[in-house]
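Peer 1: A predicted structure for the sequence below; I have some questions about it.
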Amino acid sequence: MKTSHAQKNPAAAPSARVPMIRTVEQHILEQQRKFPHATGEFSWLLSGITLATKIIQAQVRRAGLLEVIGQTGEVNVQGEAVERLDEIANRTIRHCLAYRGNVGILVSEEDHEPHVIEEAESGRYIVLFDPLDGSSNINANVSIGTIFSILQRNPGLSRGEVMAQILQPGYQQVAAGYVVYGSSTVMAYTAGSGVHMFTLDPSIGAYVLAQENVQMPPSGRIYSTNEAYCQNFPEGIQRYLQWAKQQGDYTSRYIGSLVADFHRTLIRGGVFLYPGTKQAPQGKLRLLYEANPLAFVAEQAGGTATDGKERILDKQPKTMHQRTPLIIGSKEEVERVLSF
Ligand code: FDP
């Protein structure tokens, strides 16, 4: 019988078995080293987001055990019932980011007003977030998630000009990403040089690199939309859906949590559509907290995002909670939708 190296030298055995993992924090630092003037401030900010989402995922995983399922009885600024987990997620992100020093303004989909952090006099980042996307799925144990977008404060504007600071077009985002609380907890982010994906390893409590420079398939015969509204969709979209059904090789997937539907589209390809309807010409999804960050991720992965007329990232926001139609996914499939 052969003697293995580990048997001959038992001291070498444990380290030989240590997996060569790369955590999200290591990865962000490595990315920053590519920029000689980087201060490390940005990685400090992103580590606040990773901490917050780890806390949120722990609460999500205990839903049903704790009193976190169900509605609070309040209605948020979007007119939707506030779920208890939404509130927890909102508070957690505020708590983890408000004391980072470099965050000057926090803007949540759940809040009426932006939260200006008085202590962060020089805070140069603005973080916009949807703390718990897909909240109507919470009670049914369906995947939900957190979406974030990071802007830099315009030094030409005063601290008092809060709305002007926030209402920046999506192409000015310095980073964006999301976390899906699904069968595992997955984070994807971009800081403008590709999309990188991490899986939370619950045994060590760290996001571990799963894939660098994720690419969205250039095409994909999957469409994702709430077809119950189809008869009120724009005619071009109705024609596309009709056409796709006649092809025989299309399939349809709709979770009803944008973040989870987008994540699948990023990995498998295809198109996600939430167009305007006759009753709601601007659709339902929010430009600043949902469409912009996911459009940034999509483009960085080789995909594309439009409202049907204009590139999402070029849209000049007019109000904080503005909604937008969204067609996002594989380049060829989005172009096909627009051709109808
Ligand atoms: P939810 O209302 O459950 O929070 O913008 C919110 C959102 O979910 C998206 O995550 C999702 O894609 C969409 O709304 C679902 O809307 P419909 O129920 O109208 O399909």
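Peer 2: The structure has been received and is ready for your questions.
Peer 1: ok, the closest residue to residue 96 other than its chain neighbours - contacts?
Peer 2: Using C-beta to C-beta, 6 or more residues apart in numbering and skipping the chain neighbours, the partner closest in space to residue 96 is residue 52 (3.9 Å). The C-beta positions use only the backbone N, C-alpha and C, and glycine is treated the same way. Counting by C-beta atoms under 8 Å, 6 or more residues apart in numbering, residue 52 touches 92, 93, 95, 96, 97, 146.
Peer 1: and with 6 Å instead?
Peer 2: Residues near residue 52 by C-beta atoms under 6 Å, 6 or more residues apart in numbering: 92, 93, 96.
Peer 1: which parts of the stretch 1-150 of the chain are helices?
Peer 2: Ranges of helices in the stretch 1-150 of the chain, per DSSP state H, counting those that start in this stretch, are 5-8, 13-17, 24-33, 41-61, 84-98.
Peer 1: ok, back up a step: which of the contacts of residue 52 ranks first by neighbour count?
Peer 2: residue 93 (27 neighbours; other C-beta atoms under 10 Å).
Peer 1: surely that one touches residue 131?
Peer 2: Yes - using C-beta atoms under 6 Å, residue 93 is in contact with residue 131, at 5.4 Å.
Peer 1: hmm, who's touching the helix or strand where residue 237 lies?
Peer 2: Assessed by DSSP states H and E, residue 237 sits inside helix 235-247. For helix 235-247, contacts defined as C-beta under 6 Å, 6+ apart pick out 223, 250, 275, 337, 340.
Peer 1: tell me the SS of the first one?
Peer 2: Pointing back at residue 223 there. For residue 223, the secondary-structure state derived from DSSP: H, G, I helix; E, B strand; the rest coil is strand.
Peer 1: can you read off the pLDDT for it?
Peer 2: Residue 223 is assigned 98 on the pLDDT scale.
Peer 1: over to the third one?
Peer 2: Looking at residue 275, its pLDDT stands at 97.
Peer 1: counting neighbours, what do you get for it?
Peer 2: Count around residue 275 with other C-beta under 10 Å applied: 24.
Peer 1: what does the stretch 1-150 of the chain have sitting close to the ligand?
Peer 2: By C-beta under 6 Å from any ligand atom, the residues of the stretch 1-150 of the chain that approach the ligand are 133, 134, 135, 136, 137.
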